[in-house]
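[1] Give the three-dimensional model of this entry:
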Amino acid sequence: MTDWNDHVERVLLSEAEIKEIIEKLARKIENDYSDKENIVLVGILKGSVTFLSDLMRALRIPAQVDFMRVSSYGDATTSSGNVNIILDINRKNLPSENLLIVEDIVDSGRTLKYLVTYLLNKGAKSVRTVTLLDKPDRREVDYTPEYVGKQIENHFVIGYGLDYGEKYRTLPYVGVIKPELI
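    The predicted model follows:
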């Protein structure tokens, strides 16, 4: 059996650091939304599942959950530049719902910029985004998430839902993959 830990050059965020980041994000989100607002956490599959799960448990206001699956990658490491919606949300009450897109990491910004516009055009009351990790140096479009857990440098990171070739998602921390494995 492969020990994925051996593929990590260094730990970027420990389990404890991730938990602390999520608690801070949850408090900021609670501060911006009333407990009477209709909030829907929209997880972007597959990477956001771990982050979404922990974030929704940290929130002290009611929130519904939904999912979308999109693809913008040509291969495991580079974006194709096109956003394809593979699984869309279908909500009857969209005009009364505040959507909070939950993403694991923002690189180019293309996917989130596209999704915000798409969901607003679809009729959502409001659309904001929260990401665990942000790589502003990789930004290719003018886009800034409303809630950012941590800005990081341009490293290829794995763990805590983040993958490389569908591997490493189950690591309980965020690590930098050894360059020779990419």
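[2] per-residue confidence averaged over stretch 103-117?
    Stretch 103-117 shows a mean pLDDT of 96.
[3] Low-confidence regions, the protein specifically.
    1, 73-80 (pLDDT under 70).
[4] Check which helices and strands the biggest helix by length in it sits against.
    Using DSSP state H to define each element, the chain has its longest helix at helix 15-32. Packed against helix 15-32 by the contact rule (3 or more CB pairs under 8 Å, 6 or more residues apart in numbering; DSSP states H and E) you find helix 49-58, strand 126-134, strand 147-151. Backbone N, C-alpha and C define where each C-beta goes, glycine included.
[5] if you compare those, which one is most tucked away?
    Of the helices and strands packed on helix 15-32, the one with the most neighbours on average (mean count of other CB atoms under 10 Å) is strand 126-134, at a mean of 22.
[6] quick one: that one to helix 15-32, angle?
    Angle of strand 126-134 versus helix 15-32, following axes from the mean of the first three to the mean of the last three CA atoms, to 10 degrees, is 160 degrees.
[7] Mind giving me the packing neighbours of strand 126-134?
    Against strand 126-134 (3+ CB pairs under 8 Å, 6+ apart) you get helix 15-32, strand 98-106, helix 110-121, strand 147-151.
[8] And the third one, how far out from the chain middle?
    In terms of CA atoms, centre = their mean, to the nearest Å, the centre of helix 110-121 is set 14 Å apart from its chain centre.
[9] Then the longest one?
    Averaged C-alpha coordinates place helix 15-32 at 14 Å from its chain's average position (CA atoms, centre = their mean).
[10] One more: the shortest one?
    Put simply, strand 147-151 sits 10 Å off its chain's centre (CA atoms, centre = their mean).
[11] gap between the helix or strand just after it and the chain center?
    Scanning forward in sequence from strand 147-151 by DSSP states H and E, the next helix or strand is strand 157-158. On the basis of CA atoms, centre = their mean, strand 157-158 is displaced by 13 Å from the centre of the chain it belongs to.
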